[in-house]
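1. pasting the structure only:
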Ligand SMILES: *[C@@H]1O[C@H](CO)[C@@H](O)[C@H](O)[C@H]1NC(C)=O
């Protein structure tokens with residue numbers, strides 16, 4: 001009797017762990033701290049308040065990353081959403097790609113120069129306080145889709161990020 005209870009306990013624990021490992025991407029470069037830290041440097045430089053991790057936003061981001069296993073850069077209808085995809089892409093590097101769009105952003109004119117810069121303006125959006133991200137492997141087997149959601153959402157048309 002005791003034995004079978006233990007087996008049930010072990011089974012329940014493994015199921016719980018399995019569930020955890022499925023809902024949270026634990027690979028290096030994809031943990032909440034990695035995502036938050038990747039935003040911290042540029043936000044410090046610009047004297048913007050830091051972002052904090054939000055588990056609910058992360059859930060939404062993960063769900064959309066899972067839906068975009070075709071790796072198409074198509075946004076959901078949600079505001080305050082950054083996306084990146086690429087071979088072997090990890091979370092910290094995805095955020096770094098958005099930060100690197102800085103060179104495409106013309107602050108005085110508040111617009112992008114030649115290429116996209118919306119990832120950057122969301123990263124440095126002053127009013128955004130929380131971030132949550134998710135990552136999913138695409139159907140091609142080598143690429144990954146990274147999605148971050150921000151709250152309050154940034155990139156409000158007609159407003160500057162800071
Ligand atoms: C994330 O990806 C970048 C670019 O491929 C790589 O340089 C970096 O080492 C990766 N980070 C981790 C923690 O794996």
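-> Here it is on my side, so go on. Because the structure is predicted, anything quoted here is derived from the model rather than measured.
2. can you pull out the low-pLDDT segments for this structure?
-> With pLDDT under 70 as the threshold, the chain has low-confidence stretches at 1-26.
3. of all the residues in it, which ones are close to the ligand?
-> Of all the residues in the chain, those in contact range of the ligand (CB under 6 Å from any ligand atom) are 28-29, 88, 90, 92-93. In short, each C-beta sits where N, CA and C put it, glycine included.
4. show me the residues you listed that map onto helices.
-> Using DSSP state H to define helices, the subset of the residues of the chain next to the ligand located there is 92-93.
5. buried ones from the residues of the chain next to the ligand, can you make that a PyMOL selection?
-> Applied in PyMOL, the following selects the buried portion of the residues of the chain next to the ligand according to 16 or more other CB atoms under 10 Å:
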select buried, resi 29+90+92+93
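6. closest one of the residues of the chain next to the ligand to residue 75?
-> When the residues of the chain next to the ligand are compared for distance to residue 75 (CB to CB), residue 93 wins out at 20.1 Å.
7. confirm for me that that closest one is in contact with residue 27.
-> No: using CB atoms under 8 Å, residue 93 and residue 27 do not qualify as a contacting pair, with a distance of 11.9 Å.
8. can you give me the helices in the chain?
-> Counting by DSSP H, the chain forms helices over residues 2-23, 32-45, 55-67, 91-100, 118-123, given from the N-terminal end onward.
9. give me the neighbour count for residue 34.
-> Residue crowding around residue 34 was assessed by other CB atoms under 10 Å; the count is 18.
10. which residues are in contact with it?
-> By CB atoms under 8 Å, 6 or more residues apart in numbering, the contact list for residue 34 reads 28, 90-92.
11. apply 10 Å and report the result again.
-> With contact taken as CB atoms under 10 Å, 6 or more residues apart in numbering, residue 34 is in contact with 25, 27-28, 90-93, 95, 133.
12. how about residue 53?
-> Counting by CB under 10 Å, 6+ apart, the residues that residue 53 touches are 31-33, 35-36, 130-133.
13. which ones are touching residue 162?
-> Residue 162 makes contact with 43, 46-48, 107, 121, 124-127, 154 under the criterion CB under 10 Å, 6+ apart.
14. try it again with 8 Å
-> Residue 162 makes contact with 46, 48, 124-126 under the criterion CB under 8 Å, 6+ apart.
15. so can I have a markdown table of those residues showing neighbour count and distance to residue 56?
-> Compiled in a markdown table, the contacts of residue 162 are given as follows (neighbours: other CB atoms under 10 Å; distance: CB to CB, whole Å):
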| residue | neighbour count | distance to residue 56 |
| --- | --- | --- |
| 46 | 13 | 26 |
| 48 | 19 | 22 |
| 124 | 22 | 23 |
| 125 | 23 | 19 |
| 126 | 15 | 22 |
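16. thank you, goodbye.
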